[in-house]
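> Would you be able to build a 3D model of this:
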Amino acid sequence: MPKLTREDVLKKAEELKNWGKWGPDDELGVLNYIRPEDIVNAARLVKKGKVFRLGLELDENGPQRGLFGGRWNLIHQMLATGTDAVAGKHDVTPALRYADDAINVPTQAGTQLDALSHVFLVDKMWNGYPATLVDTRGAHKNGIEKFADKIVGRGVLLDVARMKGVPSLEDGYGITNADLDATAAKQKVEVRRGDFVLVNTGQMADRLARKDWGQYAAGPAPGLAFETVDWIHAKQIAGIGSDTWGIEVRPNETGPDVFQPWHWVTIPAIGIVHHEILYLKDLVADCAGDGVYEFFYCAPPLVITRGTGSPTNPQAIK
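Residues are numbered from 1 along each chain as shown. Here you go, the predicted structure:
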């Protein structure tokens, strides 16, 4: 199959562009598809009171290996400790025995959300705002803080690996529209307007089992094929996520002049939120056990003013 060209990617972005759909000042993108009644109905999906954390442990053992953008794993520094307290170092000033700490971490080092300011379409971002509105002070439009009370609703797991009969899809496998539809049909679950769709490839579970991240961050991976931008647009979903570093298939289906072509269309043109590096193992096992692949989903970002992304610990509740 011939590789997609830059022109192919830009043409598809123009075809699926949602700019102006919710007005010239919009900064939420397809989160606008979620209605209050959708959230109420999603809450009714809670039957067992069972909660699944979808956030990967955020520590120095994370998946970053410096292969993209200079991202590093979390640096955790103790500012005050119990050993200090027992040694009496706190007894005079501040006369309180305590522990305190600090963290240093890129917003997209672990389980995270992409803001609509994260990827540009040439010189524009979501809704046609100039890319230059993201400067050294952060994103003056489409910042992650705009999502602070928005990432909540019906979640749907599409376990493509299980549908294919494997624990983990092979690196480089492009998940097609037919794969997504076949998975939903096999699971007897319908993908609806305003849903948050989570795709399990099995890659993270495989890396955790091996105790070796390898090139997980930015390297080869199973993921959504470029054609799925049409599926996402047509389904009018509110969010898309997976257990991989970047959701889309790696290596990409393009030549060297386009990196992450699916991102070029999904974030700046369609306006959809990415949920990346999701820890899905426990949720996958439970869904396979009870046959229920829909749940209440809540994944708020940290309220990072003008941020282009945020760490998060999503909750799937059944």
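
> and the gap between residue 212 and residue 18?
Residue 212 sits 40 Å away from residue 18, going by CB to CB, to the nearest Å. The way it works is simple: take the backbone N, C-alpha and C, and place the C-beta from them, glycine included.

> And for residue 318?
Distance from residue 318 to residue 18, by CB to CB: 31 Å.

> go on, residue 157?
25 Å.

> Then residue 66?
On the measure of CB to CB, residue 66 and residue 18 end up 35 Å apart.

> Neighbour count for these two, which is higher?
The neighbour comparison of residue 66 against residue 18 (other CB atoms under 10 Å) goes to residue 18, with 19 against 11.

> Tell me which stretches of the chain form helices.
6-16, 36-43, 82-86, 160-163, 177-187, 203-210, 228-235, 261-265, 281-290 (DSSP state H).

> Relative to residue 93, which of the ones you listed is closest?
helix 82-86 (12.0 Å; CB to CB).

> roughly how far is that closest one from the heart of the chain?
Counting by CA atoms, centre = their mean, to the nearest Å, helix 82-86 is centred 39 Å from the centre of its parent chain.

> Begin at 317, not 1, for the rest of this chat.
In the new numbering, first residue 317, that becomes helix 398-402.

> quick one: buried residues of it?
Of the residues in helix 398-402, residue 400 count as buried by neighbour count, 16 or more other CB atoms under 10 Å.

> residues in contact with it?
406, 413, 414, 415 (CB atoms under 8 Å, 6 or more residues apart in numbering).

> Can you tell me which of the residues you listed is nearest residue 534?
residue 415 (35.3 Å).

> mind listing what that closest one touches?
394, 396, 397, 398, 401.

> Residue 447 too?
Contacts of residue 447 by CB under 8 Å, 6+ apart are 436, 439, 440, 441.

> residues touching the nearest residue to residue 448 once chain neighbours are set aside, list them.
In this structure, residue 448 finds its nearest non-sequential neighbour in residue 439, 7.8 Å apart by CB to CB, 6 or more residues apart in numbering. Residue 439 is in contact with 446, 447, 448, counting by CB under 8 Å, 6+ apart.

> Tell me the one among those nearest to residue 604.
residue 447 (42.5 Å).

> For that closest one, give its distance to residue 625.
Per CB to CB, residue 447 is found 16 Å from residue 625.
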